[in-house]
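Undergrad: Following is a predicted model, sequence given first.
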Amino acid sequence: MYSLKFLFHDAGGSNPRRALVAVRALADETEWLLVRAVRLAREEGYNWAQIGRLLGVSRQAARKRFEQLEPLVGPVTPFTPPHGRNRSVWEQQAQNVAEGRADIRRRKEFDSGNAVFW
């Protein structure tokens with residue numbers, strides 16, 4: 001298996017056979033990472049609307065594409081994620097405000113066309 005560095009090099013190269021093979025390998029890698037990220041988000045309590053917004057699709061589109069993960073993760077119940085446990089009410093509210101501001105900033109960047117995807 002090639003490293004990602006070589007896959008990107010081949011995908012942007014002038015050899016069409018190597019470019020097609022590299023693009024297919026990159027698509028497989030990114031699909032695997034996407035499924036992993038959605039599973040992680042569902043385990044952390046994200047709902048389909050939040051996942052859809054972060055992926056730039058509707059809630060329904062996200063759910064339709066990834067609903068087969070539901071039995072693997074189990075039902076999503078409201079809970080405090082591990083990084084939010086043992087915090088006071090004020091700390092939880094401060095975190096919610098900070099996450100809300102970050103979400104608004106990301107939406108503005110996305111809408112302006114200057115979004116940074118990482």
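TA: Alright, I've got the coordinates.
Undergrad: Verify the contact between Gly13 and Val23 for me.
TA: No. Under the criterion of Cβ atoms under 8 Å, Gly13 is not in contact with Val23, lying 10.8 Å apart. All C-beta spots, glycine's among them, are computed from the backbone N, C-alpha and C.
Undergrad: Those two: which has the busier surroundings?
TA: Val23 (15 against 12; other Cβ atoms under 10 Å).
Undergrad: can you pull the contacts of that one?
TA: Ala11 (Cβ atoms under 8 Å, 6 or more residues apart in numbering).
Undergrad: what about the host helix or strand of it, average pLDDT?
TA: Assigned by DSSP states H and E, Val23 belongs to helix 16-43. The average pLDDT for helix 16-43 rounds to 86.
Undergrad: and this protein, what are its domains?
TA: Listed by automatic domain parsing, the domain ranges of the chain are 1-79, 80-118.
Undergrad: okay, these, which one's buried deepest?
TA: Of the domains of the chain, the one with the most neighbours on average (mean count of other Cβ atoms under 10 Å) is domain 1-79, at a mean of 13.
Undergrad: roughly how far is that domain from the heart of the chain?
TA: Here domain 1-79 is found 7 Å from its chain centre; the criterion is Cα atoms, centre = their mean, to the nearest Å.
Undergrad: Next one: Ile51, what pLDDT does it get?
TA: Ile51 is given a pLDDT of 92.
Undergrad: List the contacts of it.
TA: 38, 41-42, 59, 62, 66.
Undergrad: Check Val38 too.
TA: 51, 62, 66, 69.
Undergrad: what does the one helix or strand the third one maps to rub up against?
TA: To tie it back to what came earlier, the one meant is Phe66. Here Phe66 sits within helix 59-66, counting by DSSP H and E. If you take Cβ under 8 Å, 6+ apart as the criterion, helix 59-66 is touched by 35, 38, 42, 47-49, 51-53, 55, 57.
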